[in-house]
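A.B. asks: How does the following fold in three dimensions:
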Amino acid sequence: MNYKIAFFAIVIIAIISLGLSAGLVYKERQEKNSSLPTPPSIQAPKTTNETQTPQPGTTSQVIQPGTTQSNEKPNISWKSLIPDIKAELQKNAPPTFPIIGPGFGILKEEDVTGDGIPEAFINIGTGGAYTDSVTIMIFENNQPKLARFKDKSGKITPLLFSEGASVVHGVMFDTIPEKRTIYEAKWTYKDTGDEPDCDASAYRWNANLKIFEFDENLSMEVQQNYCARVKSLNPFKN
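C.D. replies: Take a look at the predicted model:
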């Protein structure tokens, strides 16, 4: 009986010893693990269709197709582009255009197309007896280009405008910037005092096609208003 008691006592002591040893080992492992640096958390990449906006100071920028990094309009000096203007006239002007004459120069600059870049009205310098010959230049692809006009018949070509007057005849052109329009008016007085012949053609800018298109309604509006003034100034009126 005493042997059995002694045997059970030894077994109990052994179990307690093993338990204490296991506890000490576990504690040491916990302390060792707690002393190690915590690994950084890793976030899964976002799966979004939204364009990521670059942070200030970064060199990588997202540029949409067909756009540039800057929306600023170029600062154009048409005067400095005179050699390029002459080259464009010599290369692309229709045969009906006169040659460049001694009176060549920039008549005026005005933004008619509404894109923030002024167009140049060029006096070719070779006019008629009482008129000057003027054409329009636009700035396209970083260089001067002859503006193209689509006439009443559908033909697309650069146009030559005239400006000047005699006692009987007159021709002029002007712009209506708020309507993106260039127009030309012609008149002839009759020494009989009858109503003068008067006609006007207006061309409105088409930003999609990048041409000035003949506009029937605007032409009629300009003709009605302008020709009424021409009629009132008739020097042969009775």
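A.B. asks: Okay, now the unreliable bits of this protein?
C.D. replies: Within the chain, the segments meeting pLDDT under 70 span 1-73, 238.
A.B. asks: how about 90 then?
C.D. replies: 1-76, 126-130, 166-167, 190-195, 231, 233-238 (pLDDT under 90).
A.B. asks: Could I get the full set of helices for it?
C.D. replies: 2-34, 82-92, 216-232 (DSSP state H).
A.B. asks: For the shortest one, which outside residues touch it?
C.D. replies: Identification of contacts with helix 82-92 by C-beta atoms under 8 Å, 6 or more residues apart in numbering yields 78, 97, 100, 104, 106, 120, 122, 124, 135, 137, 143-146, 158. (Each C-beta comes from the backbone N, C-alpha and C, glycine too.)
A.B. asks: list the contacts for the closest residue to Asp191 other than its chain neighbours?
C.D. replies: Leaving aside its sequence neighbours, Asp191 sits nearest to Phe236 (C-beta to C-beta, 6 or more residues apart in numbering; 5.0 Å). Counting by C-beta under 8 Å, 6+ apart, Phe236 touches 189-193.
A.B. asks: can you list those residues in a markdown table and add neighbour count and distance to Arg180?
C.D. replies: Converted to a markdown table, those look like this (neighbours: other C-beta atoms under 10 Å; distance: C-beta to C-beta, whole Å):
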| residue | neighbour count | distance to Arg180 |
| --- | --- | --- |
| Tyr189 | 24 | 32 |
| Lys190 | 13 | 35 |
| Asp191 | 9 | 39 |
| Thr192 | 8 | 39 |
| Gly193 | 12 | 38 |
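A.B. asks: and Gly170, how far is that from Phe139?
C.D. replies: 31 Å (C-beta to C-beta, to the nearest Å).
A.B. asks: quick one on the thing from earlier: for Asn208, state which of the contacts of Phe236 is nearest.
C.D. replies: Tyr189 (40.7 Å; C-beta to C-beta).
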